[in-house]
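*Asks:* following is a predicted model, sequence given first.
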Amino acid sequence: MNKHIKILFVILLFLTILSTNVLAENPSIISIDKLQAGQKGIAKTVFAGTEIEEFPVEVINIVKGQRIESNLILIKAFGDKIEQIGGIASGMSGSPVYIEGKLAGAISYKWENSEHKYALVTPIQEMLNLKKQGEDLSFYDELNTVQTPIMVAGLSGRSLENLKDGLAIEDSRIISGFSASHHLNTNDDFKLKAGSAVAVQLIRGDVSVASIGTVTLVDKGYVYAFGHPFLNKGESNYLMSGAYIDAIIPSQTQPFKVGSPLDELLGTVQSDRNAGILGRINQFPNIIPLTVEVKDNSLKTSRVVRTQIVNDEKMLRELGSSIILESIDTTLDRIGKGTSKVNIAITGSNLPEGKIEKGNMYYSNNDIAVATLIDYNRLMDLIERNSFKEINIFDIKVNIEVEKTDDIALIEEAEILDEDIYPGDTLYLKVVLRPYRANSISRELSIEIPEDINIGRATLTLSAGYGNLLNSRDNQEEEENDMNRSVIEGYKSFEELIEDYLEAPMNNEITLQVYPAFIAQDQAKIEEKAEGSEVEDSNDVQANEIDDGDDQTETAEPEEKPEIKKKIYTDYVLEGSLTLDFEVKEKPDNNKEANIPKLSKE
């Protein structure tokens, strides 16, 4: 009976190993103090496809530096493959190095403009410390990494520049123009193990951004790779998958691998530190679906771009804006003027009612695509910079319609149509708009006057949204910064912050607002309150001696009246503002004469 149970256990264990995408390893390791010059060994990497191959290496020395806290292993690579490609290539970082059959570390660093067959190895002991979250690992600031190339598909031109600038990625790391995925059946074709090509993904789908390196060690569900940082974010939430290598391209600067992520996610990269990256198998990160739909009503064309991006609020703006910009540019197939209508819907936890949605209209006379990004960037800034709560986004949808038209207008004139205005009336006015290079048009607008409004001279203002007529990227960034400061300061909750932002007028709305007369009684109350405060401050001792009796009453603060405001939608992005004064008269009392007592004759 026991024999049958043992056989069944062995079979189940074997089937489990076959069904997983990870090949567990438990190699012996050799510490750096046991190494010496002249020792020979092997390293493992993928030169093409997914097949792991070996190449010979030799220990040259143990490298020490005044500004380097930990030692590194200097090696030289040999073999036909190394000769063929011209040395150690970008994308080989993480390649495990074995000396006397024991794991010594991962290929990771090199000197600039040096012989490509030489490289430095991060000791495996340091990489194993990646599991100790927050540990201050050594940083090799005098060296260059054996870079992990970042493969980009679906981004080009300025959208790619936007991504590089936002994430501070060096130009030399970017390799663009390759397919988003080979769509290989990862279960059948790939097993992740030491020497495998591994992809760390920031975006996947119709757009792909992924860094490709090499696995150093797989141990108990943990994947150690790269031997140096990817973006050096510390705690991270990247997507992890296998990778397919198309080729290794020789280069005088440094040979480099080109390839693509495999289609199936294997887990998450949870640590991105100086000694390498640390992944977890079958622990999948939260990802954010971002769908962008763009319609060019002038060309009668449209495009839908579907992507998934990492759930990292520090990168949401850069990743998302790059995708949106590319979606607009490829749909319009031009950079230039136009008018756009934008709707952004975001769902997630800790959002008011689980969702926020913002619509707006934009115009630019030279770059409508950049102008269209403003609301997305604002919302991402508010979510990232808010100090109240963490927002976990589930989904983002962006819908954009663009026309090659000058749908802008100036608020040119305004006239109040009523001769007499009383509390409770509806105030009517005529507004004249001047569209761009077209005849003026007039509209009749109205706003309700409250019953409790102050009697006397009041002011009516007409203003145009934010007045966004953007002519340059600099103007856009300056305007965004002003908006961020004004929105974030002075709020007591995230709900207040978002509500105020969402209630702000759109660029194509006229805002009517009435400022009531400031009557003498209001001024007297303010002065009396201020004077009383000064007296209280100067008589603190006497005030403390007063007995708090029941007969003392607390003066209530005057009730703040709601704003008299109305927003009116138009078909134009507006600019300009006007101010009109009018008199609110006291209502005539028709019963006044009837209530006067009559004199009688005696």
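*Replies:* Perfect, I can see it now.
*Asks:* which regions of the protein sit below the pLDDT cut-off?
*Replies:* 1-26, 65-69, 112-113, 133-147, 172, 177-189, 466-489, 519-559, 590-602 (pLDDT under 70).
*Asks:* name the single longest strand found in the chain.
*Replies:* Taking DSSP state E as the criterion, the chain has its longest strand at strand 256-273.
*Asks:* for that one, packing partners?
*Replies:* strand 150-153, helix 186-189, strand 197-205, strand 208-219, strand 234-249, strand 276-281 (3 or more C-beta pairs under 8 Å, 6 or more residues apart in numbering; DSSP states H and E). For the C-beta atoms, the positions are set from N, CA and C on the backbone; glycine is no exception.
*Asks:* got TSV for those, with distance to Gly87 too?
*Replies:* Output for these, formatted as TSV (distance: least, C-beta to C-beta, whole Å):
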stretch	distance to Gly87
strand 150-153	20
helix 186-189	29
strand 197-205	18
strand 208-219	15
strand 234-249	10
strand 276-281	21
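*Asks:* output these in JSON lines; the columns should cover mean neighbour count and distance to Thr268.
*Replies:* Below are those laid out as JSON lines (neighbours: other C-beta atoms under 10 Å; distance: least, C-beta to C-beta, whole Å):
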{"stretch": "strand 150-153", "mean neighbour count": "25", "distance to Thr268": "18"}
{"stretch": "helix 186-189", "mean neighbour count": "14", "distance to Thr268": "16"}
{"stretch": "strand 197-205", "mean neighbour count": "26", "distance to Thr268": "10"}
{"stretch": "strand 208-219", "mean neighbour count": "27", "distance to Thr268": "14"}
{"stretch": "strand 234-249", "mean neighbour count": "21", "distance to Thr268": "6"}
{"stretch": "strand 276-281", "mean neighbour count": "25", "distance to Thr268": "6"}
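*Asks:* which among those is found nearest to Ala43?
*Replies:* Between Ala43 and the helices and strands packed on strand 256-273, the tightest spacing by C-beta to C-beta is seen for strand 208-219, at 9.2 Å.
*Asks:* that closest one pairs with which strands, parallel or anti?
*Replies:* Under the criterion DSSP bridges, strand 208-219 sits next to strand 150-153 (antiparallel), strand 197-205 (antiparallel), strand 222-225 (antiparallel) in its sheet.
*Asks:* picking that back up, tell me which of the helices and strands packed on strand 256-273 lies nearest to Asn439.
*Replies:* Taking the helices and strands packed on strand 256-273 one by one with C-beta to C-beta, strand 197-205 is closest: 47.3 Å.
*Asks:* now do the closest one and strand 234-249, the angle between them.
*Replies:* Following axes from the mean of the first three to the mean of the last three C-alpha atoms, to 10 degrees, one obtains 110 degrees for the angle between strand 197-205 and strand 234-249.
*Asks:* what angle do strand 197-205 and strand 256-273 make?
*Replies:* 90 degrees.
*Asks:* could you list every helix and strand in contact with the helix or strand harbouring Leu379?
*Replies:* When elements are defined using DSSP states H and E, Leu379 is found to belong to helix 374-385. With contacts taken as 3+ C-beta pairs under 8 Å, 6+ apart, helix 374-385 sits against helix 316-332, strand 338-349, strand 355-364, helix 473-488, helix 494-503.
*Asks:* just say which of these is most tucked in.
*Replies:* helix 316-332 (a mean of 23; mean count of other C-beta atoms under 10 Å).
*Asks:* that one versus helix 374-385: what angle between them?
*Replies:* Using the same axes, to 10 degrees: helix 316-332 against helix 374-385 is 160 degrees.
*Asks:* which helices and strands does the helix or strand following the helix holding Leu379 pack with?
*Replies:* With elements assigned by DSSP H and E, the helix or strand that comes after helix 374-385 is strand 392-403. In terms of contacts (3+ C-beta pairs under 8 Å, 6+ apart), strand 392-403 is packed against strand 287-296, helix 316-332, strand 338-349, helix 368-372.
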